[in-house]
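**Q** Quick one: sequence plus predicted model below, questions after.
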Amino acid sequence: MGGDEFKEALGDVTPLPDQNRIPPPRPAVQAIVRQKSGSIAVSDVLSDHGEAPEEFRRNGLSRLALRKLRNSPVEDSLDLHGNTVEGARLLLQRFLAEAGERGLRCIRIIHGKGMNSRGNEAVLRAHARNWLCQHPEVLAYCPAPPNQGGSGAALVLLRART
């Protein structure tokens, strides 16, 4: 069967667009109402220098804690998409301080995968993980499960406040 015969056999068909990828449906995100607390004094003590691992846990914390973290319900989340590095650092510090005041234990930081940045470089992912390692309230973090952002987000275990 030649090329013309094939086209005739197909009849009236609409060709697919050039990019035939269908974006995955976005998971339904529950709205979380944040309580407005008094002004929280946040000191900017996080360094931009250094590299952070894919997952992190403080000394003395077992690997079982990371496994439990992956299955823990997320109590609140912060989306850093579209921020500059400086803006993201300040937002993260403020969010961690707020979460600590509220007594949250498991939070999600959405930093993105870097797919829309120049050179497909995940700048915010690297910085966010580096900052999380430095923050004294962070006990551990790991990549989120695929349905919660995968490698574009981190689940974070915070220190319990007494």
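**A** Noted; the coordinates are in hand. Note that the structure is predicted; figures quoted are calculated from it, not measured.

**Q** mind checking the longest helix of the protein?
**A** Counting by DSSP state H, the longest helix found in the chain is helix 85-101.

**Q** got the buried residues for that helix?
**A** Residues of helix 85-101 classed as buried: A88, R89, L92, Q93, F95, L96, A97, E98, A99, G100 (neighbour count, 16 or more other C-beta atoms under 10 Å). For every residue, glycine as well, the C-beta is placed using N, CA and C.

**Q** where does the chain dip in pLDDT?
**A** Within the chain, the segments meeting pLDDT under 70 span 1-3, 15-51, 114-122, 162.

**Q** now with 90?
**A** 1-55, 58, 65-66, 81-90, 111-127, 130-131, 133-136, 147-152, 160-162 (pLDDT under 90).

**Q** where do the strands sit along it?
**A** 56-57, 76-79, 106-110, 138-143, 153-158 (DSSP state E).

**Q** possible to save these as JSON lines with distance to W131?
**A** Putting the strands of the chain into JSON lines (distance: least, C-beta to C-beta, whole Å) gives the following:
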{"stretch": "strand 56-57", "distance to W131": "11"}
{"stretch": "strand 76-79", "distance to W131": "12"}
{"stretch": "strand 106-110", "distance to W131": "9"}
{"stretch": "strand 138-143", "distance to W131": "9"}
{"stretch": "strand 153-158", "distance to W131": "11"}
